[in-house]
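K.L.:
Sequence and predicted structure are below.
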Amino acid sequence: MMRRSIPSEQAMPSIRARLTNAFLRRTTKSVWRPDLDIRQVRAHAAKMDARIGRKAPPVATEAVELAGVRATWFGEPTLSARGTILYLHGGAWCIHLPGVYRRLATKLSELTGMRVLLPDYRLAPEHPFPAAIDDCLACYRWLLEQGYADRPLAVAGDSAGGNLSLVTLMRARDLMLPMPGCAVLLSPSTDLTLSAPSAKYNADADPMFAREAGDLLPPLYCPDQDRSNPLVSPLFGNWNGLPPLLFHAGSTEMLLDDSVRAHDRARQAGVVAEIEVWQQMPHVFHVFSWLPEANVALHQMAAFIVDNAASSQRRLPQVASSPSALQAELPSGARLEA
């Protein structure tokens, strides 16, 4: 397995990171309990968004509707000539943190010199699987139809958005659509069967999530579904023909092995893949702008995108599945939008 080493100065967490972990244990990990419902989860997330996302730096934004999906552009329109990043936000498929992702998208645009498109895909449980998948693919297809693949193009996402990024790539490949130049996955959720060993051995060490999160969140997104379905858990999908991938994860995350095993699957399929495991970093630590580790990680992410995104127009899918095969992966009554 190829694993890039962590820079020596990042081998141990910073004081700020340790304080952030303590803060998350007190304010987030402690709220998970069996009787928690989605309204309480969203209320807590709104408080976190107000804390983390406040005072986002100024940036040119444009609210749009693309292929029936609401989305926001970050960065001046002229930046599209230098490239585009389709960023799929996290939030367990049922939460959106606009302040947090405004800050993150702004930083990515600044570091890469590219424009960032952030879709406001439909959320569960009001819109369960496969609504979010359809919205993300619709935005990706819109970018292709508008000629964005003729310029540098990348896909990125975190947590549930990392899941959606991988599923979008696999669906695009199966539909014989051009691949982006690369994709970046920040602590992606790739296995909703919760079979990853770290879901157990990191349950106590994870500063943000508890075991109860795994019991509550997946059923809201994909109720009564086979969680080993590759459209739900891309770990079990076909990894052939995907573009270069960069994974980031924290060493104490319950989702650590979701990245490690996905990286292994990609490499076994001949995909260029890199992984960086950050010591004692919380889930998607990139959004905590005060962490020195977040700054290093975002610069690394930006460099990977700049180095690889320009090859999007040359990446054609190598493996195709028939529409009937794609539909076979869906539950009875559900339809994928082509």
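P.N.:
Now that the structure is in, tell me what you want to look at. Numbers count the residues shown, from 1 in each chain.
K.L.:
all helices for the stretch 1-150 of the chain, in order.
P.N.:
15-27, 38-52, 98-112, 131-145 (DSSP state H, counting those that start in this stretch).
K.L.:
Lowest average pLDDT across these?
P.N.:
Mean pLDDT per stretch puts helix 38-52 lowest among the helices of the stretch 1-150 of the chain, at a mean of 90.
K.L.:
Need the residues that contact it.
P.N.:
Under the criterion CB atoms under 8 Å, 6 or more residues apart in numbering, residues 27-28, 31, 91-92, 94-95, 97-100, 103, 125, 216-217, 220, 287-289 lie in contact with helix 38-52. Backbone N, C-alpha and C define where each C-beta goes, glycine included.
K.L.:
one step back: among the helices of the stretch 1-150 of the chain, which comes closest to residue 302?
P.N.:
helix 98-112 (3.6 Å; CB to CB).
K.L.:
Let me see the contact set for residue 121.
P.N.:
69, 88, 131-132, 135-136, 139, 164.
K.L.:
Quick check on these: which are buried?
P.N.:
Listed as buried from these are 69, 88, 131-132, 135-136, 139, 164; burial here means 16 or more other CB atoms under 10 Å.
K.L.:
wait, what's in contact with the residue nearest to residue 268 when sequence neighbours are not counted?
P.N.:
Nearest residue to residue 268, sequence neighbours excluded (CB to CB, 6 or more residues apart in numbering): residue 239, at 7.4 Å. Listed by CB under 8 Å, 6+ apart, the contact set of residue 239 reads 170, 265-266, 268-269, 271.
K.L.:
hmm, 10 Å instead?
P.N.:
By CB atoms under 10 Å, 6 or more residues apart in numbering, the residues touching residue 239 are 166, 169-170, 173, 230, 245, 262, 264-271, 273, 319.
K.L.:
Which strand or helix spans it?
P.N.:
Per DSSP states H and E: residue 239 is located in neither a helix nor a strand.
K.L.:
related to what we said a few turns ago, which single one of the contacts of residue 121 is nearest to residue 156?
P.N.:
residue 88 (7.3 Å).
K.L.:
Would you confirm that that closest one contacts residue 136?
P.N.:
Yes: the criterion here is CB atoms under 10 Å, and residue 88 meets it with residue 136 at 5.6 Å.
K.L.:
Find residues that contact each of those two.
P.N.:
Joint contacts of residue 88 and residue 136 (CB under 10 Å, 6+ apart) are 119, 121, 155, 157, 161, 164-165, 167-168.
K.L.:
now those in a markdown table, with pLDDT and secondary structure?
P.N.:
Shown next, in a markdown table, are those (pLDDT from 0 to 100; DSSP: H, G, I helix; E, B strand; the rest coil):
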| residue | pLDDT | secondary structure |
| --- | --- | --- |
| 119 | 98 | strand |
| 121 | 98 | coil |
| 155 | 98 | strand |
| 157 | 98 | strand |
| 161 | 98 | helix |
| 164 | 98 | helix |
| 165 | 98 | helix |
| 167 | 98 | helix |
| 168 | 98 | helix |
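K.L.:
re earlier: hmm, which of the contacts of residue 239 are the buried ones?
P.N.:
166, 169-170, 173, 230, 245, 262, 264-267, 271, 273.
K.L.:
From the contacts of helix 38-52, list the buried ones, please.
P.N.:
28, 91-92, 94-95, 97, 99-100, 103, 216-217, 220, 287-289.
K.L.:
Filter the contacts of residue 239 down to just the ones in strands.
P.N.:
Using DSSP state E, the members of those that fall within strands are 245, 273.
K.L.:
picking up where we left off before, out of the buried ones among the contacts of residue 239, give me the two with the largest separation.
P.N.:
Maximum distance among the buried ones among the contacts of residue 239 (CB to CB): 19.2 Å, for 173 and 264.
K.L.:
what's the neighbour count on the residue nearest to residue 281 when sequence neighbours are not counted?
P.N.:
In this structure, residue 281 finds its nearest non-sequential neighbour in residue 250, 3.6 Å apart by CB to CB, 6+ apart. Number of residues near residue 250 (other CB atoms under 10 Å) recorded here: 29.
K.L.:
Residue 250 against residue 282, yeah?
P.N.:
Yes: using CB under 10 Å, residue 250 is in contact with residue 282, at 5.9 Å.
K.L.:
and for those two, which residues touch both?
P.N.:
Joint contacts of residue 250 and residue 282 (CB under 10 Å, 6+ apart) are 13, 17, 21, 187, 206-208, 293.
K.L.:
most surrounded residue in those?
P.N.:
That'd be residue 187 among the shared contacts of residue 250 and residue 282, by other CB under 10 Å, with 29 neighbours.
K.L.:
who's in contact with it?
P.N.:
Here residue 187 is in contact with 90, 157-159, 161-162, 208, 247-250, 253-256, 258-259, 278, 281-286 (criterion: CB under 10 Å, 6+ apart).
K.L.:
So which of the residues you listed belong to strands?
P.N.:
Using DSSP E, 157-158, 247-250, 278 are the members of the contacts of residue 187 that sit in strands.
K.L.:
Quickly check those for the two that are furthest apart.
P.N.:
Most distant of those, by CB to CB, are 157 and 278, 17.6 Å apart.
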